[in-house]
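# the amino acid sequence is not available; the structure is as follows:
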Ligand code: ITT
């Protein structure tokens, strides 16, 4: 079985491909199917944005499409950057710029760490305007020192609960086992399996 994943984030694609391989599902990035302009993300929640992205592509391409919206919520910043995680240091900011901004925001508050969590909402949209969604989270803390080269985004600054390594220091299969995205994708697949059982 193949599923199209509508994202421009290569890190998300790699993780979804690895995770869904466990279930015999091949993840195809949308740019391999069609070059299509991405929609604006105007939602105030991860759920709204995941829904918006998935339905936009499913309706345009007339095929089922998965999209995901995720981010990091930092307690010392009252939950920011949240849905603005990819744009924390400005529109089209790089991961490095966003990480630098996060470190600066913590240092301004004279902090070396803060509790934080990653959140992921995954939405599988069908062109007939219905869909299935799931969510996942991983709690931990952010620090002010970059550590590790794996993963993407805020991973060099995020230490999951129960670990002493950052997400960027963990192998991909370990990140996928405990991460917000890994959990959300696994729940989505299990929901699909349950629905299939109901139908038979
Ligand atoms: P698409 O919208 O095309 O999927 P995007 O990167 O813009 O790509 P989001 O709008 O969902 O995706 O923003 C997610 C941001 O949250 C991402 O760019 C990172 O900054 C951060 N993030 C989410 N999951 C992460 C993870 O597993 N590791 C590190 N940072 C993560």
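Nice, thanks for sending it over. Bear in mind that the values here come from a model prediction, so they are computed numbers and not experimental data.
# can you pull up the bridge partners for the spatially most central residue of the chain?
Nearest residue to the geometric centre of the chain (C-alpha atoms, centre = their mean): residue 70, 3.9 Å. Going by DSSP bridges, residue 70 is paired in beta bridges with residue 120.
# again, but for residue 74
Note on residue 74: beta-bridge partners by DSSP bridges are residue 116.
# what residues are up against it?
Residues in contact with residue 74 (C-beta atoms under 8 Å, 6 or more residues apart in numbering) are 80, 81, 102, 105, 106, 114, 115, 116, 142. All C-beta spots, glycine's among them, are computed from the backbone N, C-alpha and C.
# which residues does the fourth one contact?
The one in question is residue 105. Applying C-beta under 8 Å, 6+ apart, the residues near residue 105 are 74, 76, 77, 80.
# buried sites along stretch 156-174?
156, 157, 158, 159, 160, 166, 167, 168, 169, 170, 172, 174 (16 or more other C-beta atoms under 10 Å).
# the fifth one touches residue 180, doesn't it?
No: the pair residue 160 / residue 180 is not scored as a contact, 10.0 Å apart, by C-beta atoms under 8 Å.
# check which residues of the lowest-mean-pLDDT helix or strand in the chain are buried.
Ranking every helix and strand in the chain by mean pLDDT, DSSP states H and E puts helix 180-199 at the bottom, with a mean of 91. For helix 180-199, a neighbour-count test (16+ other C-beta under 10 Å) marks 180, 181, 182, 183, 184, 185, 186, 187, 188, 189, 192 as buried.
# in the chain, which residue sits nearest the ligand?
In the chain, no residue comes nearer to the ligand than residue 153, which is 2.2 Å away by C-beta to the nearest ligand atom.
# ok, back up a step: just checking, what packs against the least confident helix or strand of the chain?
Using 3 or more C-beta pairs under 8 Å, 6 or more residues apart in numbering; DSSP states H and E, the elements in contact with helix 180-199 are helix 10-21, strand 65-74, strand 113-126, strand 130-143.
# farthest pair within the contacts of residue 105?
With distances taken as C-beta to C-beta, the most widely separated pair in those is 76 and 80, at 9.3 Å.
# residues shared between the contacts of residue 160 and residue 180?
Common neighbours of residue 160 and residue 180, counting by C-beta under 8 Å, 6+ apart, are residue 138.
# list of residues touching stretch 140-152?
Under C-beta under 8 Å, 6+ apart, the answer for stretch 140-152 is 9-12, 72, 74, 95, 99, 102-103, 106-107, 111-118, 154-161, 163, 165-172, 175.
# give me every residue in the protein lying close to the ligand.
7-9, 12, 41, 68-72, 85-86, 98, 118, 151-155, 179, 181 (C-beta under 6 Å from any ligand atom).
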